[in-house]
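In: I would like the atomic coordinates for the input below:
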Amino acid sequence: MFWAGVGVPKKTPTEIVEKLNREINAALADPKLKARLADLGAEPTSMTTAEFAKFVVDETEKWAKVVKFSGAKVN
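Out: Here you go, the predicted structure:
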């Protein structure tokens, strides 16, 4: 599994962030794009900005535990 998202600089105005989110979610709802992504094995999911922020935090916490448990070190 992999995921991808779009990030913007921290001080980007809320109106711009929300507009980007609406436009990206609209694109992900397009049947042609959905079909193409499905052909590539992807399952697009639309999220609000708050849902995506929580998702990123949750994923970071989850994988940090895995890395710590594994004992992996950066060379």
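
In: The chain: helices as residue ranges?
Out: 14-29, 31-39, 49-70 (DSSP state H).

In: how many other residues sit next to residue 38?
Out: 11 (other Cβ atoms under 10 Å). Heads up, the C-betas are built off the backbone N, CA and C, glycines and all.

In: ah, wrong one, I meant residue 21
Out: Residue 21 has 19 nearby residues by other Cβ under 10 Å.

In: Leaving aside the residues adjacent along the chain, what's closest to it?
Out: Distances taken as Cβ to Cβ, 6 or more residues apart in numbering put residue 49 closest to residue 21, at 5.3 Å, once the chain neighbours are dropped.

In: was I right about that neighbour contacting residue 19?
Out: No - using Cβ atoms under 8 Å, residue 49 is not in contact with residue 19, being 10.8 Å away.

In: Centre-most residue in the chain?
Out: The centre of the chain sits closest to residue 5, judged by Cα atoms, centre = their mean, with a distance of 3.2 Å.

In: And it, how far from residue 61?
Out: Distance of residue 5 to residue 61, given as Cβ to Cβ, to the nearest Å: 16 Å.

In: Same question for residue 12.
Out: 25 Å.

In: Regarding stretch 4-21, how distant is the last residue from the first?
Out: 14 Å (Cα to Cα, to the nearest Å).

In: How about it, which residues are buried there?
Out: By neighbour count on 16 or more other Cβ atoms under 10 Å, the buried set for stretch 4-21 is residue 21.

In: per-residue confidence for residue 3?
Out: We have a pLDDT of 88 for residue 3.

In: contacting residues around it?
Out: 55, 59 (Cβ atoms under 8 Å, 6 or more residues apart in numbering).

In: circling back to that earlier point, residue 1 is nearest to which of the helices of the chain?
Out: helix 49-70 (10.3 Å; Cβ to Cβ).

In: Specify the angle between the closest one and helix 14-29 in degrees.
Out: 80 degrees (axes from the mean of the first three to the mean of the last three Cα atoms, to 10 degrees).

In: Mean confidence (pLDDT) on helix 49-70, please.
Out: 95.
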